[in-house]
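Asks: Output the structure for:
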Amino acid sequence: MTNWRWWLCSLLFVATTVNYLDRQVLSLTYEEFIKPEFHWTDANYGTITSFFSIFYAIACLFAGKFVDWMGTKKGYLIAIGVWSGGAVLHAACGWATAHLTGMDSVAAMRAVEVGSNAALAISTTSVYLFLLCRGILALGEAGNFPAAIKVTAEYFPKKDRAFATSIFNAGASVGALAAPLCIPPLAKAFGWEWAFIIIGGLGFIWMFFWAFMYDKPEESKHVNEAELEYIHQDDAAEAAEKAALAEQKSIPMMQCFKYKQTWAFITGKFFTDGVWWFFLFWAPSYFSNQFHAPATSGLGQGLIFTLYAIVTVISIFGGYLPKLFVEKKGMHPYSGRMLAMLIFAFFPIAALFAQPLGIRFDNPWWPAILIGLAGAGHQAWSANLFSTIGDMFPKSTIATITGIGAMAGGIGSMIIQKVAGNLFTYAENAGSAFRFLGFEGKPAGYFIMFCFCGLAYLIAWSIMKSLVPKYKPVEV
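Replies: Numbering: from 1, shown residues only. The predicted model follows:
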């Protein structure tokens, strides 16, 4: 039997890795390169990250339908082509800003007096240009997971799909780990523009391999009869399942909002998705500002790498804990999942101590480790949160509830990013006049955000538990 399906799975892994690399170029070049060149404030950066969050969530609602409509091959090619093009376009923002503001060069923009009208014009123009590029990036990136999941359904029998999904999904962790090791050195050696061009260009290379390697299993010259038979071993059972599903009543989208179970899932996503995006977008800037560890330094790269290494290793156990409760303790799956989520909700509390311990010992490794624990808690929480949909809703409505939750998470993330940017700018300008629990100025702003991030999961769990105190599936 041939094993062409695993070669395609490796391509999905690479695509997911590139997906996460592309979205992190901005956060790893912001503080040292982009911020001084365009005279940005943290409020400007917060506007851009909040826009990306909400636009990505909106695009996710339609990405699956688009891939189904275009077909897997064309749909995936278009998705990665759009996001790679958007990533590369970031590099032109400097030239376009200089041209639109009447500056002779990018160097002339950097030399403009801080706070002047010219600086305001540069920052405003560049923000709009970056918003355009981030929108294109988000639009394309939204297609990655729907397309990858569709490929696994086409090329793998049911018993192998979870394993194949875990392989390509590991690309998210690998991308987060690789980003601090490759992006800052590229920006330092060749300029921040080339970091966007080189990382964005990886997607176009991937498109070449995808175009020549992917065909439907029945049409692929690389798949022999034995592998094709293995791939289609579930066809009869799946056909019967689809027939049963067709007879099952589906809940219209607006009617979903009548159920407390929907609002429980909305709450879980709204309060917590933005925490993950906050750490993803702001951690490099935090280490640079607070501990003078820019992303281009060995220390800065080591801190970000350590943070995501902790997230990757610990979050693996996120799906094991509820299984332990069910199999060893005899708990109902939903009850076991909620207990596991309560335990994971305590992990982000570690973020409350990141700022005090980091400042007390003047050591950035404390925040890196503690934020890593908080991030690991989020990933484990998120995996179990998605599983609660299957516990409470009929299969015919799972995709609808997932989309509603994604939108809620995007709105929550948009709010957190915007609040963080404005808060940091205000705190920095106010200096010692702005205080919070013993911290002054921008450090006080960081501590306020860490406090929210640390408590968000317990707040969300408490509301979810009050809405759905015990297992109660939705009846249509």
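Asks: need the contact list for the closest residue to L181 other than its chain neighbours.
Replies: Spatially, and ignoring its direct neighbours in sequence, L181 is nearest to Q301 (5.8 Å; CB to CB, 6 or more residues apart in numbering). Heads up, the C-betas are built off the backbone N, CA and C, glycines and all. Shown in contact with Q301 (CB atoms under 8 Å, 6 or more residues apart in numbering): 180-181, 184, 295.
Asks: out of the residues you listed, who has the most neighbours?
Replies: Within the contacts of Q301, most neighbours by other CB atoms under 10 Å means A295, with 29 neighbours.
Asks: my guess is that residue meets A283, correct?
Replies: No. Using CB atoms under 8 Å, A295 is not in contact with A283; the gap is 9.5 Å.
Asks: hey, what's in contact with both of those two?
Replies: Shared contacts of A295 and A283 (CB under 8 Å, 6+ apart): I304.
Asks: picking that back up, closest one of the contacts of Q301 to K465?
Replies: Taking CB to CB as the measure, P180 is the one of these closest to K465, at 37.2 Å.
Asks: Helix or strand: which one has the closest one?
Replies: Using DSSP states H and E, P180 sits within helix 158-190.
Asks: Which stretches in the stretch 151-300 of the chain count as helices?
Replies: Remark: helices assigned in the stretch 151-300 of the chain by DSSP state H, counting those that start in this stretch are 158-190, 192-213, 225-231, 235-247, 253-256, 260-291, 298-315.
Asks: Which strands or helices does the third one pack on?
Replies: This points to helix 225-231. Here helix 225-231 touches helix 4-29, going by 3 or more CB pairs under 8 Å, 6 or more residues apart in numbering; DSSP states H and E.
Asks: pLDDT below threshold where in the stretch 51-200 of the chain?
Replies: Low-confidence segments of the stretch 51-200 of the chain (pLDDT under 70): 162.
Asks: before we move on, the earlier item: how much does the helix holding P180 deviate in direction from helix 4-29?
Replies: If you take axes from the mean of the first three to the mean of the last three CA atoms, to 10 degrees, helix 158-190 sits at 40 degrees to helix 4-29.
Asks: starting at the chain centroid, how far to helix 158-190?
Replies: 12 Å (CA atoms, centre = their mean, to the nearest Å).
Asks: how does this protein divide into domains?
Replies: If you go by automatic domain parsing, the domain ranges for the chain are 1-247, 250-476.
Asks: Tell me which of the helices of the stretch 151-300 of the chain sits most buried.
Replies: For the helices of the stretch 151-300 of the chain, average neighbour numbers computed from mean count of other CB atoms under 10 Å are highest in helix 260-291, which has a mean of 23.
Asks: quick one on the thing from earlier: looking at the helices of the stretch 151-300 of the chain, spot the one closest to A111.
Replies: Minimum separation from A111 across the helices of the stretch 151-300 of the chain (CB to CB) falls at helix 192-213, 17.2 Å.
Asks: tell me which strands and helices that closest one is in contact with?
Replies: helix 4-29, helix 72-89, helix 158-190.
Asks: I'd like to know which elements the shortest one is packed against.
Replies: Okay, so that is helix 72-89. helix 4-29, helix 42-70, helix 117-141, helix 144-155, helix 192-213.
Asks: I'd like the ones you listed written out as CSV, with distance to Y446 added.
Replies: Conversion of those to CSV gives the following (distance: least, CB to CB, whole Å):
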stretch, distance to Y446
helix 4-29, 15
helix 42-70, 11
helix 117-141, 22
helix 144-155, 31
helix 192-213, 24
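Asks: Indicate which one of the ones you listed is closest to G175.
Replies: G175 lies closest to helix 4-29 among these, at 2.8 Å (CB to CB).
Asks: From the chain's centroid, how far away is the closest one?
Replies: So, by CA atoms, centre = their mean, the centroid of helix 4-29 is 12 Å from its chain's centroid.
Asks: how much space between the most centrally placed residue in the chain and I231?
Replies: Central residue of the chain (CA atoms, centre = their mean): W277, 6.2 Å from the mean position. In this view, W277 and I231 are 36 Å apart by CB to CB, to the nearest Å.
Asks: angle of the longest helix anywhere in the chain against helix 117-141?
Replies: Ranked by residue count, the top helix of the chain under DSSP state H comes out as helix 395-430. Interaxial angle, helix 395-430 versus helix 117-141 (the same axes, to 10 degrees): 160 degrees.
Asks: Direction included, what does the following helix or strand past helix 395-430 pair up with?
Replies: Following helix 395-430 in sequence order, the next helix or strand is strand 435-436 (DSSP H and E). If you go by DSSP bridges, strand 435-436 pairs up with strand 439-440 (antiparallel).
Asks: what helices or strands is the following helix or strand past the partner strand leaning on?
Replies: Downstream of strand 439-440, the first helix or strand assigned by DSSP H and E is helix 441-467. In terms of contacts (3+ CB pairs under 8 Å, 6+ apart), helix 441-467 is packed against helix 260-291, helix 333-346, helix 354-360, helix 365-392, helix 395-430, strand 435-436.
Asks: Of those, give the one that comes closest to I54.
Replies: For I54, the closest of the helices and strands packed on helix 441-467 is helix 395-430, at 4.0 Å, according to CB to CB.
Asks: what about that closest one, average pLDDT?
Replies: Mean per-residue pLDDT for helix 395-430: 90.
Asks: and it, how far out from the chain's middle?
Replies: For helix 395-430, the distance to the chain centre is 12 Å (CA atoms, centre = their mean).
Asks: how many degrees apart are that helix and helix 260-291 in direction?
Replies: Angle, helix 395-430 to helix 260-291, by the same axes, to 10 degrees: 30 degrees.
Asks: No further queries at this time; thank you.
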